[in-house]
Structures are given as structure tokens and as C-alpha cells.
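Enquirer: how would this look folded up:
(chains A, B and C)
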Amino acid sequence: MKIYMDGNDTVLTHVEDFNLKETLECGQCFNFVRKDISTDNSFCYRIIAHGNALIVEQDNRSKEDGCILRLYNTDIHEYETIWEHYFDLYTDYKTIKESIIKGSGELQDIIKENSGIRLLNQEYFETLISFIISQNKQIPQIKAVVKNISQMAGKVIKDNGEEVYSFPDALELAKLSEENIRECKAGFRAPYIMDAVRLYLDGSIKEDEFIGISTDDARKLLMTVKGVGEKVANCVLLYSLGRREAFPVDVWMKRIMEHLYFKKDTDKKVIEEYAYEKYGEYAGYAQQYLFIYGKNNLMK
DNA sequence: ACCCAGGGTTGCA
DNA sequence: TGCAACCATGGG
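Expert: Prediction:
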């Protein structure tokens, strides 16, 4: 990978195993919009993360040498402090993909076709609230609630001539009433969000509490929040706390794993443990490919 | 007028 | 421990 500045933009070339569309639209992230300047040859998105807004474009014309990414109005410092980590760009996906294919040949085609999916490293508090919102909702609705909450409690960010809003931190969110949160269309999840904010601010689930504890203990700690069960906790672990062995099992992952391996109705906890035995530290990555597999083969 | 959405809690056996 | 009703809201 090569990095240089072009005017106000940071440009990355020879980026391997990276696809912006696959990465954003696989259900791990809700704080982005596709920009209408996307074309057949390039995809352009605005992502809001870590208090910043980023317009990023992937040019798909140069596949042999890896892709080209343009981060608009972004200097190298911002790239290195925020986006390199966010996009998981220092992780070698070749090894990961080879390891998964070795144990699961049936995923080979899917991994080759979607070889650019990356696991993002998102902000912990935002991820926690977002996946509390996600329960029993579809992705467009989740995105709408995230946007509503940001507009109500976040900070204004001026980005390329437009005004957008950051996802509020815990102190900003704490200023809202449960009724305010309901107005954002959070529905019955509003008290769950209140509970998460309360526990975050009293320190019991802040980031530091997760340092040096096992993933099982981390999962249990997250599940002390009302409205956080196994699935939501695993999403938070996987997408924001760097626990790449976490394996969220939702209704679809249950169907997919039953279809591929169990051939019968199987408890979600059993599926999660099987995935950890089969994929180990790469279980979370495998989950992304499995989901695409299911989307292509089982969902209609 | 239904039914379901990448769930979780509560209540009741 | 297991199961199913219920939870707001929007879209098919």
C-alpha cells in the first residue's frame, strides 16, 4: 500500500483485500450514506465516525494492483489517527482468508467473490447504542434512528459544504429524556438506551473495564445492560472492542449454520461454540463471509 | 388486515 | 430451563 497527499486529499494506492461497498453494506455499520456521485467504476460514501465525517471514494478500475482509495479533505495525520484503524488496514486478510478456507472449503467461492470485506473498528459507545437499536429492526430503519439521535444530540460537523451531525457521546446523550429518544423512533428500545448511558457514565461499562478480561467476561459485562443479549453483545465485541473471535448468531446465522453443518434445529449457543472451535480467533471474520453466503443462497 | 424485521425481556409452566 | 407473548415502528 502506498500513501500520498493530493491537494487536500489523502490517497491510498495498492490497497489489497479491500472493498468499500462490501465493507459498509454488510450490516456492521449504520452511520454512512452512499453519495450520488457513485458510478459504475467508483463507489463514494460519507462515513461519520469518531467525531469526524469522511467522504471516501474507491476507484474500481485498477484491480490488479489492489484498489485506490481517496479520502477527501483528509490529511495524513487524520488518516493515521482515525481511518487506518477504522478500516482495519494494518490487518493482513490473506492469512485470515486462507485459514478460513482451509477449514471450510464450502466458503471458498464466497470469500473470493467478496474478498474485500473488512471488519471495521468502530467507536465503542456508538456501537453499543447502535446495536441496541438494531434489535428487531431492518438496516434502513436502524440508520434512520442513528441519524435522528445524532441530529438531536450530536455536534454539528461541517463537511464539504454540508452540515452533518456526529453520533453523540454519553454525556450528550444523557441530556435527552426517554421521551426524546422515543421521538427518534427508537420505540421500546428507548429505556434500554437510557440504561446503557447510565451504566456507561457511572463507569461500570466504560472501555477501560474491558481491558485484560476474557471475551466471555466481556460479553457478560455487556449483558448487564438492559436490552443487550448474546447477539448484541457479540456485535459490540466484534465491531468495536477488537474481539475478532466473537461470533454473533442471529436468526440468519442460525439458519445458515444449520444449513451448512448441523442439518437440524440447533441452539444458538451451541452454534456459537461450534464456530469458535472451527474458526478460533478468526470466527468473527468467518461470520461476515457466512452471512454473505446465506444472503446469496438462502435469502430470497 | 395481516406478517416480519440480522432480539431481548418478562411471565408462566 | 423452555417457550411464547409482547415490545414500537415501518414496509411488504
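Enquirer: which residues does the closest residue to DNA strand B within the stretch 101-250 of chain A contact?
Expert: Residue nearest to DNA strand B within the stretch 101-250 of chain A: residue A:229 (2.6 Å; Cβ to the nearest atom of the strand). For every residue, glycine as well, the C-beta is placed using N, CA and C. When contacts are counted by Cβ atoms under 8 Å, 6 or more residues apart in numbering, residue A:229 is found next to residue A:223.
Enquirer: Next: residue A:281.
Expert: For residue A:281, the contact set (Cβ under 8 Å, 6+ apart) comprises A:244-245.
Enquirer: Let me know the secondary structure of it.
Expert: helix (DSSP: H, G, I helix; E, B strand; the rest coil).
Enquirer: domains of chain A?
Expert: A:2-90, A:124-240, A:251-297 (automatic domain parsing).
Enquirer: Near DNA strand C, which residues of chain A? Just list them.
Expert: By Cβ under 7 Å from any atom of the strand, the part of chain A that sits against DNA strand C consists of A:136-138, A:140-141, A:182, A:185, A:187-188.
Enquirer: try 10 Å
Expert: A:135-138, A:140-141, A:144-145, A:148, A:179, A:181-191, A:227, A:265, A:267, A:269 (Cβ under 10 Å from any atom of the strand).
Enquirer: Is it possible to mark the buried ones in those?
Expert: Among the residues of chain A next to DNA strand C, those buried by neighbour count (16 or more other Cβ atoms under 10 Å) are A:135, A:137, A:144-145, A:148, A:181-182, A:184-186, A:189-190, A:227.
Enquirer: and those, which of them are in helices?
Expert: The members of these that map onto helices under DSSP state H are A:144-145, A:148, A:181-182, A:190.
Enquirer: now the helices: where do they sit in the stretch 151-300 of chain A?
Expert: A:170-174, A:178-183, A:190-201, A:215-222, A:230-240, A:251-257, A:268-279, A:283-297 (DSSP state H, counting those that start in this stretch).
Enquirer: Adding mean pLDDT, write these out as CSV.
Expert: Converted to CSV, the helices of the stretch 151-300 of chain A look like this (pLDDT from 0 to 100):
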stretch, mean pLDDT
helix A:170-174, 98
helix A:178-183, 98
helix A:190-201, 98
helix A:215-222, 98
helix A:230-240, 98
helix A:251-257, 95
helix A:268-279, 96
helix A:283-297, 95
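Enquirer: Compare those and give me the one nearest residue A:121.
Expert: Distance to residue A:121, taken as Cβ to Cβ, is lowest for helix A:230-240 among these, at 6.9 Å.
Enquirer: Could you check the pLDDT of residue A:229?
Expert: pLDDT for residue A:229: 98.
Enquirer: follow-up on the earlier one: I'd like the helices of the stretch 151-300 of chain A written out as TSV, with distance to residue A:22 added.
Expert: Formatted as TSV, the helices of the stretch 151-300 of chain A follow (distance: least, Cβ to Cβ, whole Å):
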stretch	distance to residue A:22
helix A:170-174	30
helix A:178-183	32
helix A:190-201	29
helix A:215-222	26
helix A:230-240	15
helix A:251-257	17
helix A:268-279	19
helix A:283-297	8
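Enquirer: Out of the ones you listed, indicate the one that is most buried.
Expert: Stretch with highest mean neighbour count among the helices of the stretch 151-300 of chain A: helix A:230-240 (a mean of 24; mean count of other Cβ atoms under 10 Å).
Enquirer: for that helix, packing partners?
Expert: Packed against helix A:230-240 by the contact rule (3 or more Cβ pairs under 8 Å, 6 or more residues apart in numbering; DSSP states H and E) you find helix A:124-133, helix A:215-222, helix A:268-279.
Enquirer: Could you give the separation between the terminal residues of stretch A:22-29?
Expert: Distance across stretch A:22-29, first residue to last, is 11 Å (Cα to Cα, to the nearest Å).
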